[in-house]
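Engineer: Fold the following, please.
(one chain, ligands or ions: 2)
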Amino acid sequence: MDDLKHGSRDKRGNWTPKEPLTSAPIFVLPPRPLDFLRWLPHYFLPWNVLFMVSATLFWWYLTPSQDILKTLHWSWILAIFARNCLAVFLFYGAFELRLYVKRHQQGRFKYNPKFPADSKSGAFFFRSQNLDNMARSFGSGVPIWTAFEVLTLWAFANGYAPMASFTANPWWLLTIVLLLPFFHEVHFFIVHRLIHLPILYKWVHSVHHNSSNPSPWSSLSMHPVEHLLYFSGCLVHLLIFSHPLLAIYHLHFAGFGAVVGHVGFDKMETGKDRGVDTHAYAHYLHHKYFEVNYADGLIPLDKLFGSWHDGTKDGEAQMDARMAKKRAKMNAKFNQKA
Ligand SMILES: [Zn+2]
Ligand SMILES: [Zn+2]
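Structural biologist: Ligands and ions are numbered 1, 2, ... in the order given. Now for the predicted structure:
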């Protein structure tokens, strides 16, 4: 595909999409029903449907029975950890292999022209972004993901949390499925703003931001405290009359879905003239500029709180103005103290 039909590349090779980023046409006034209908399939396809399917398969075929889940035992906990490790290795690895190892589409649709593997940096373990990112993903990311999964499965199996059923409460469960990405967005936004507080940023979130040119393995490259906060959203299922399958869907949405935001490419080519949109640009801009796009635009939270960057020159000017204001405020404070 010719990526210059869909965007432009500057002198340094950074690729920018032609269209500015927009938030989903849901919370807009006046309402835009036609835009909403055009957007709706993208809400489901391909990513959300993929994670619904993976969660269903995991619940049906790769999760022990309720009887076994009632008692915490290392054998099944380790089995769940192993299946999650394998799934992450295969899913993340598939993106990495196609786009970064084989470089199947070279730099087409890649926001940053550089490939992390081509440069070494002292910010990372072993001076390698990939090895560092993988060590953090498997060292604390998947263990903490698994711990939340075990906790919710065990709580449901013991009746500590009220459990709905697909036969008796299908509409309620369907509502949760449809609203889950919105809940994730709000939870992620709050957690993300929190870890950008200077003290937490320094000790916790800076680990994730070491990857300023993110690639698939950057997705779960976080400090363990961030993993704890990031995956904690699934605990909501213990409170809202939900189902373990939906808790697994929530974890897949967070765990596998993170790749989609860190893939580094705007489109993944699937044919000569076809490609799948990744919707990664909003989060790519967050990795590039740090102080913008704390959420992904499903809900216009960043617009509301003044941190939205739509990828255009205007967006950049607004960001610069915000930063200048912030610096002036800090200087004034500092001068007052002095
Ligand atoms: Zn990120
Ligand atoms: Zn951040």
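Engineer: quick one: stretch 222-234 to chain centroid distance?
Structural biologist: 12 Å (CA atoms, centre = their mean, to the nearest Å).
Engineer: what are the ranges of the strands in the chain?
Structural biologist: 7-9, 15-17, 267-269, 275-277 (DSSP state E).
Engineer: Next, the buried residues of the first one.
Structural biologist: The neighbour-count check on strand 7-9 (16 or more other CB atoms under 10 Å) flags residue 7 as buried. Where you see a C-beta, it was placed from the backbone N, CA and C, and this is true even at glycine.
Engineer: Stretch 196-215 too?
Structural biologist: By 16+ other CB under 10 Å, the buried positions in stretch 196-215 come out as 196, 200-201, 204-205, 207-215.
Engineer: Report the central residue of the chain.
Structural biologist: Using CA atoms, centre = their mean, the residue of the chain that lies closest to the mean C-alpha position is residue 258, 3.0 Å off.
Engineer: which residues does that residue contact?
Structural biologist: Taking CB atoms under 8 Å, 6 or more residues apart in numbering, we find residue 258 in contact with 219, 220.
Engineer: Could you do residue 109 as well?
Structural biologist: Contact analysis of residue 109 by CB under 8 Å, 6+ apart lists 1, 3, 6, 7, 15, 265, 266, 267, 268, 269, 275.
Engineer: cool, and residue 261?
Structural biologist: Going by CB under 8 Å, 6+ apart, residue 261 touches 219, 278, 279, 280, 282, 283, 284, 296.
Engineer: what's around the last one, how many residues?
Structural biologist: The one in question is residue 296. Look at residue 296: counted by other CB atoms under 10 Å, it has 25 neighbours.
Engineer: for the fifth one, same thing?
Structural biologist: Counted with other CB under 10 Å, the neighbours of residue 282 add up to 23.
Engineer: my read: it touches residue 22, true?
Structural biologist: No. With contacts counted by CB atoms under 8 Å, residue 282 stays clear of residue 22, the gap being 10.0 Å.
Engineer: Which neighbours do the two have in common?
Structural biologist: Shared contacts of residue 282 and residue 22 (CB under 8 Å, 6+ apart): residue 297.
Engineer: Residue 281 versus the nearest residue to residue 216 once chain neighbours are set aside, what's the distance?
Structural biologist: Nearest residue to residue 216, sequence neighbours excluded (CB to CB, 6 or more residues apart in numbering): residue 95, at 4.0 Å. Distance of residue 95 to residue 281, computed by CB to CB, to the nearest Å: 16 Å.
Engineer: which residues touch stretch 179-193?
Structural biologist: 43, 48, 226, 229-230, 232-233, 236, 246, 249-250, 253-254, 257, 294-296, 298-299, 301-302, 305.
Engineer: Out of those residues, which end up buried?
Structural biologist: 48, 226, 229-230, 233, 236, 246, 249-250, 253-254, 257, 294-296, 298-299, 301-302.
Engineer: Neighbours of residue 144, how many?
Structural biologist: Using other CB under 10 Å, residue 144 has 21 neighbouring residues.
Engineer: can you tell me how far it sits from residue 81?
Structural biologist: In terms of CB to CB, residue 144 sits 11 Å off from residue 81.
Engineer: got it, and residue 39?
Structural biologist: Relative to residue 81, residue 39 is positioned 37 Å away (CB to CB).
Engineer: same thing with residue 55?
Structural biologist: Distance of residue 55 to residue 81, given as CB to CB: 17 Å.
Engineer: do residue 263 as well
Structural biologist: To residue 81, residue 263 is 25 Å away according to CB to CB.
Engineer: Could you check which of these two is surrounded by more residues?
Structural biologist: When residue 263 is set against residue 81 and neighbours are counted by other CB under 10 Å, the residue ahead is residue 263, at 28 against 18.
Engineer: who are the neighbours in contact with that one?
Structural biologist: The neighbours of residue 263, taking CB under 8 Å, 6+ apart as the test, are 95, 99, 214, 215, 216, 278, 280.
Engineer: Mind giving me the ChimeraX command for buried ones among the residues you listed?
Structural biologist: A single ChimeraX command selects the buried members of the contacts of residue 263 (16+ other CB under 10 Å):
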select :95,99,214,215,216,278,280
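Engineer: Can you tell me which of the contacts of residue 263 is nearest residue 119?
Structural biologist: Residue 119 has its nearest neighbour among these in residue 215, at 12.1 Å by CB to CB.
Engineer: so the residue nearest to residue 216 sits right up against residue 265, yeah?
Structural biologist: No. Residue 95 lies out of contact with residue 265 (CB under 8 Å); the separation is 9.0 Å.
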